[in-house]
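Asker: what follows is a protein structure lacking sequence information:
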């Protein structure tokens with residue numbers, strides 16, 4: 001009898017193990033997606049509304065297909081979480097990790113903060129990855145950041161066949177008063193090692209608020225179509241403008257005030273923060289680069305002062321001092337930021353946001 005019971009126990013254990021080992025996938029389009037300016041996009045996983053396809057410059061439109069700043073929210077009691085995803089371009093760059101370009105990045109809510117779980121590492125255009133296993137089977141809320149420099153054609157989340165997966169119960173990150181950040185490749189997330197380390201995604205977690213990423217690599221050129229799009233978000237608590245590396249002096253002087261006025265006309269009381277360009281570390285040696293970027297910062301300050309003298313009470317300015325530290329160690333290539341640089345920049349911008357919102361700027 002004891003032998004029979006032992007055999008039955010072994011069989012039950014093996015069956016149970018096999019059940020737990022099975023993964024069932026659920027299409028992510030049934031779960032909350034945050035980080036978009038509009039739901040009127042060509043496909044779910046992109047940043048610009050469809051009407052801009054015929055209105056904006058083609059490079060800008062194509063970069064809008066990248067999913068930087070977008071994130072899926074869900075909850076599950078699964079012991080393991082996997083992901084299947086297909087990217088649009090299978091992009092690759094020589095100065096940024098494939099995980100940052102086209103991977104996914106999972107976080108869990110723990111008491112009062114978003115805790116990193118693990119990134120989903122890409123292998124190519126189509127990917128399937130067991131992100132985490134062997135967890136205790138308790139319900140947790142999750143946040144999965146999408147690729148920074150590629151588009152997403154499809155995404156599924158895998159859990160144990162015995163577990164459940166649902167939309168989030170917690171209202172985090174808060175989507176009722178988003179911050180919209182406009183800018184360049186640095187804003188888009190270059191060159192984060194994984195999606196969660198872009199500075200806008202860091203801000204999303206630190207503020208526990210939706211931060212919408214409108215960074216366009218090489219193309220943060222004060223396109224008025226983007227200003228008009230941003231202006232439609234009258235629920236925004238703040239607009240952050242971080243475009244200086246992508247404009248020349250003539251563009252800056254000609255277009256800054258008009259871009260600002262488009263935002264201000266539709267949002268008369270919304271805080272608007274201008275951010276200087278970082279001082280590229282290699283400009284310590286390259287004096288031409290140093291002269292160019294410091295001159296553009298000077299011109300931006302001039303534009304800001306002109307607007308402020310016109311009586312605007314909700315305009316703010318963030319100088320480049322300490323944005324990425326002063327040790328020269330914050331970039332990959334002298335321009336684009338490492339995780340260290342992105343974390344430093346997020347911390348300085350976070351302090352500015354808190355000062356503005358507490359009226360202590």
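Answerer: Arrived safely, thanks for sending. All figures in this text were calculated on a predicted structure; none of them were measured in a lab. Numbering: from 1, shown residues only.
Asker: and stretch 216-225, how far apart are its ends?
Answerer: One end of stretch 216-225 to the other measures 13 Å (C-alpha to C-alpha, to the nearest Å).
Asker: how deep is residue 163 tucked in, by neighbour count?
Answerer: 17 (other C-beta atoms under 10 Å). Backbone N, C-alpha and C define where each C-beta goes, glycine included.
Asker: revised request: answer the last question for residue 138.
Answerer: 9.
Asker: now do the contacts for it.
Answerer: Contact analysis of residue 138 by C-beta atoms under 8 Å, 6 or more residues apart in numbering lists residue 77.
Asker: quick check: buried residues in the host helix or strand of residue 259?
Answerer: Using DSSP states H and E, residue 259 falls within helix 249-266. Across helix 249-266, burial judged by 16 or more other C-beta atoms under 10 Å covers 252, 255, 256, 259, 260, 262, 263, 264, 266.
Asker: per-residue confidence for residue 361?
Answerer: Looking at residue 361, its pLDDT reads 76.
Asker: burial measure for the residue nearest to it when sequence neighbours are not counted, as a count.
Answerer: Nearest residue to residue 361, sequence neighbours excluded (C-beta to C-beta, 6 or more residues apart in numbering): residue 355, at 4.5 Å. Neighbour count of residue 355, defined by other C-beta under 10 Å: 13.
Asker: residues making contact with the helix or strand where residue 355 lies?
Answerer: For residue 355, the element it lies in under DSSP H and E is helix 339-357. With contact meaning C-beta under 8 Å, 6+ apart, helix 339-357 is reached by 179, 186, 189, 192-193, 197-199, 202-203, 206-207, 237-238, 240, 271, 273, 275, 278, 316, 318, 322-325, 329-331, 337, 361.
Asker: so the residue nearest the centre of the chain: helix, strand or coil?
Answerer: By C-alpha atoms, centre = their mean, the chain has its centre lying nearest to residue 69, at 2.6 Å. Reduced to three states with DSSP: H, G, I helix; E, B strand; the rest coil, the structure at residue 69 is coil.
Asker: swap in residue 127?
Answerer: From three-state DSSP, the assignment for residue 127 is strand.
Asker: was I right to think it contacts residue 98?
Answerer: No - applying C-beta atoms under 8 Å, one finds residue 127 not in contact with residue 98, separated by 10.1 Å.
Asker: report the distance from the helix holding residue 355 to the chain centre.
Answerer: Distance, stretch centre to chain centre, for helix 339-357: 14 Å (C-alpha atoms, centre = their mean, to the nearest Å).
Asker: mind listing what's buried in that helix?
Answerer: 339, 341-349, 352-353, 356.
Asker: circling back to that earlier point, which residue sits closest to the residue nearest to the centre of the chain, ignoring its sequence neighbours?
Answerer: Residue nearest to residue 69 in three dimensions, not counting chain neighbours: residue 213, with 2.8 Å by C-beta to C-beta, 6+ apart.
Asker: and if you look at residue 301?
Answerer: Leaving aside its chain neighbours, residue 301 sits nearest to residue 317 (6.8 Å; criterion: C-beta to C-beta, 6+ apart).
Asker: just the strands in the stretch 51-200 of the chain please.
Answerer: 71-76, 81-87, 104-110, 113-120, 126-132, 140-145, 152-160, 165-166, 174-183 (DSSP state E, counting those that start in this stretch).
Asker: could you export those as a markdown table, including distance to residue 33, mean pLDDT and mean neighbour count?
Answerer: Shown next, in a markdown table, are these (distance: least, C-beta to C-beta, whole Å; pLDDT from 0 to 100; neighbours: other C-beta atoms under 10 Å):
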| stretch | distance to residue 33 | mean pLDDT | mean neighbour count |
| --- | --- | --- | --- |
| strand 71-76 | 6 | 98 | 22 |
| strand 81-87 | 14 | 98 | 23 |
| strand 104-110 | 13 | 99 | 21 |
| strand 113-120 | 17 | 98 | 18 |
| strand 126-132 | 18 | 98 | 16 |
| strand 140-145 | 10 | 98 | 24 |
| strand 152-160 | 10 | 98 | 21 |
| strand 165-166 | 15 | 98 | 18 |
| strand 174-183 | 10 | 98 | 20 |
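Asker: quick check: the gap between the residue lying closest to residue 125 once chain neighbours are set aside and residue 106.
Answerer: Among residues not flanking residue 125 along the chain, residue 90 sits closest, at 4.1 Å (C-beta to C-beta, 6+ apart). Residue 90 sits 21 Å away from residue 106, going by C-beta to C-beta, to the nearest Å.
Asker: next one: residue 190
Answerer: Relative to residue 106, residue 190 is positioned 21 Å away (C-beta to C-beta).
Asker: residue 95 too?
Answerer: As defined by C-beta to C-beta, residue 95 lies at a distance of 25 Å from residue 106.
Asker: likewise residue 22?
Answerer: As judged by C-beta to C-beta, residue 22 and residue 106 stand 20 Å apart.
Asker: what does residue 158 give?
Answerer: Taking C-beta to C-beta as the measure, residue 158 falls 12 Å from residue 106.
Asker: what's the overlap in contacts for these two?
Answerer: With C-beta under 8 Å, 6+ apart as the test, residue 158 and residue 106 both reach 81, 83.
Asker: residues near residue 278, how many?
Answerer: 24.
Asker: mind listing what it touches?
Answerer: By C-beta under 8 Å, 6+ apart, residue 278 lies in contact with 186, 245, 320, 323, 324, 337, 341, 345.
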